[in-house]
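J.: All I have is the shape, not the residue letters:
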């Protein structure tokens, strides 16, 4: 019932903002307060702050009057400051590594005060009279249209194409993007990862979207193990894990966007070796995960840079996936990269034959080749792909944040 409830609430907020702003703002504030108070790794207080700041545009006059009233009531301001300080203390105690909670508390006081003065018919959403001549109005309308088109492309088009994943508007959705051809498209309405499907068989030297999807099975690189698959289950209370399992959940959660952008949180055990040594015997088994070829190439580039810095060579094993004519996913070949120190490495297929020159493990960094420079380097800036952790039966774990 929780996914359905979240869908209903998140759909109700914009509908109420369009019809009854007081109710929409109240529901939105309550919803984002719960998000801001959520313990790590699912706390997204920065998102709540960004959303509530924009709520001001639904009641600008009421917010102005609320700020004036708060400025004239020193006691209220003191209470808000104390509440923010308490929130900051709770934030530090929880070690969330985010300073968004005290900011949200202050915004909650301001916008909450505005709710007390905004009326159901106050600040009717009438279009403000446009000033300036015809040329200025024409230019303004074109700029508005461009902004709306760019926003729509970012929110809807790029995830469908497979050019946005970790930075898309699909947080906590476990949406399969660039890996969808092999992990299964799980959006109810539209396909995803279209470009990865279209260019899978193209040469990797000239097309950054080529190469399909791989299943990473093992690595001795401490850097890669810190980044992916980023299991965060150890951060949960055992009672919470038991409750999740009782509800039919896997009881496991992964937070690769946190490890990729923020770093490893206190209490998280993402799978990195406790030792700087690269010997495989000292490493815990790795939860296998799917990655698009472009993200594997990025990981290898980062791992090689780390190996050059630390002097620790690393190994990495992955399986290239393929599909039968009937559409079934099968293993094509198992590739092992051996003793890569950032300068030299060997690569074998199925533990016997040497790798071909165009194998992903030997491919140059995206954008480094003459043919892939201008048309490829943009991809590493635009696309950060989620790993898709797998259960022992091959299905995805289903809880990725």
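T.: Structure's in. What do you need? Quick caveat: nothing in here was measured; it's all calculated off a predicted structure.

J.: So residue 320 belongs to a strand, correct?
T.: Yes. Residue 320 sits within a strand when classified using DSSP: H, G, I helix; E, B strand; the rest coil.

J.: Disregarding residues adjacent in the polypeptide, which is nearest to it?
T.: residue 332 (4.3 Å; CB to CB, 6 or more residues apart in numbering). Using the backbone N, CA and C atoms, a C-beta is placed for each residue, glycine as well.

J.: ok so the one you found is a helix residue?
T.: No. Judged by three-state DSSP, residue 332 forms no part of a helix; its state is strand.

J.: Roughly how far does it sit from residue 150?
T.: 39 Å (CB to CB, to the nearest Å).

J.: These two: which has the busier surroundings?
T.: Shown here are residue 332 and residue 150; by other CB atoms under 10 Å, residue 332 has more neighbours (14 against 10).

J.: Flag the shaky bits of the stretch 51-200 of the chain, pLDDT-wise.
T.: 74-99, 118-132 (pLDDT under 70).

J.: Strands of the stretch 201-350 of the chain, start to end?
T.: Using DSSP state E, counting those that start in this stretch, the strands of the stretch 201-350 of the chain run over 213-219, 289-292, 314-323, 329-340, 346-349.

J.: what's the closest of these to residue 186?
T.: strand 289-292 (12.9 Å; CB to CB).

J.: What's the local residue count around the nearest residue to residue 58 once chain neighbours are set aside?
T.: Leaving aside its chain neighbours, residue 58 sits nearest to residue 21 (5.2 Å; criterion: CB to CB, 6+ apart). By other CB under 10 Å, the residues close to residue 21 number 24.

J.: check contacts around residue 24.
T.: 12, 13, 14, 15, 16, 17, 18, 58 (CB atoms under 8 Å, 6 or more residues apart in numbering).

J.: Tell me which of those residues fall in helices.
T.: Under the assignment DSSP state H, those contribute 12, 13, 14, 15, 16, 17, 18 to helices.

J.: Can you tell me which of those is nearest residue 190?
T.: So of the ones in helices among the contacts of residue 24, ranked by how close each gets to residue 190 (CB to CB), first place is residue 14, at 19.6 Å.

J.: Next one: the residue most central in space within the chain from residue 199, what distance?
T.: Centrality entry for the chain: nearest residue to the mean C-alpha point is residue 166, 3.3 Å, by CA atoms, centre = their mean. The gap separating residue 166 from residue 199 is 20 Å, by CB to CB.

J.: before we move on, what about residue 113?
T.: 53 Å.

J.: Tell me the spacing between the residue nearest to residue 320 and residue 319.
T.: 7 Å.

J.: what do you get for residue 109?
T.: Taken as CB to CB, the span from residue 109 to residue 319 is 54 Å.

J.: And the helix or strand where residue 136 lies, what does it pack against?
T.: Assigned by DSSP states H and E, residue 136 belongs to helix 134-152. Of the remaining helices and strands, none touches helix 134-152 by 3 or more CB pairs under 8 Å, 6 or more residues apart in numbering; DSSP states H and E.

J.: so where's the stretch 201-350 of the chain uncertain?
T.: Using pLDDT under 70, the flagged stretches of the stretch 201-350 of the chain are 270-283.

J.: Count residues in the vicinity of residue 148, would you?
T.: The number of residues packed near residue 148 is 10, by other CB under 10 Å.

J.: Residue 301: neighbouring residues, count only.
T.: There are 17 residues near residue 301, going by other CB under 10 Å.

J.: oh sorry, the question was meant for residue 64
T.: As a burial measure, residue 64 scores 13 neighbours (other CB under 10 Å).

J.: ok, now how distant is it from residue 113?
T.: 11 Å.

J.: Which positions in stretch 305-320 come out as buried?
T.: Going by neighbour count (16 or more other CB atoms under 10 Å), the buried part of stretch 305-320 is 306, 307, 310, 312, 313, 314, 315, 316, 317, 318, 319, 320.

J.: now swap in stretch 168-175 and tell me
T.: For stretch 168-175, using 16+ other CB under 10 Å, the buried residues are 168, 170, 174, 175.

J.: Now the two most distant members of those.
T.: Greatest spatial distance among those (CB to CB): 168 and 174, at 12.3 Å.

J.: Figure out the length between the terminal residues of stretch 309-327.
T.: Distance between the boundary residues of stretch 309-327 (CA to CA, to the nearest Å) amounts to 43 Å.

J.: Revised request: answer the last question for stretch 184-203.
T.: For stretch 184-203, the end-to-end distance is 24 Å (CA to CA).
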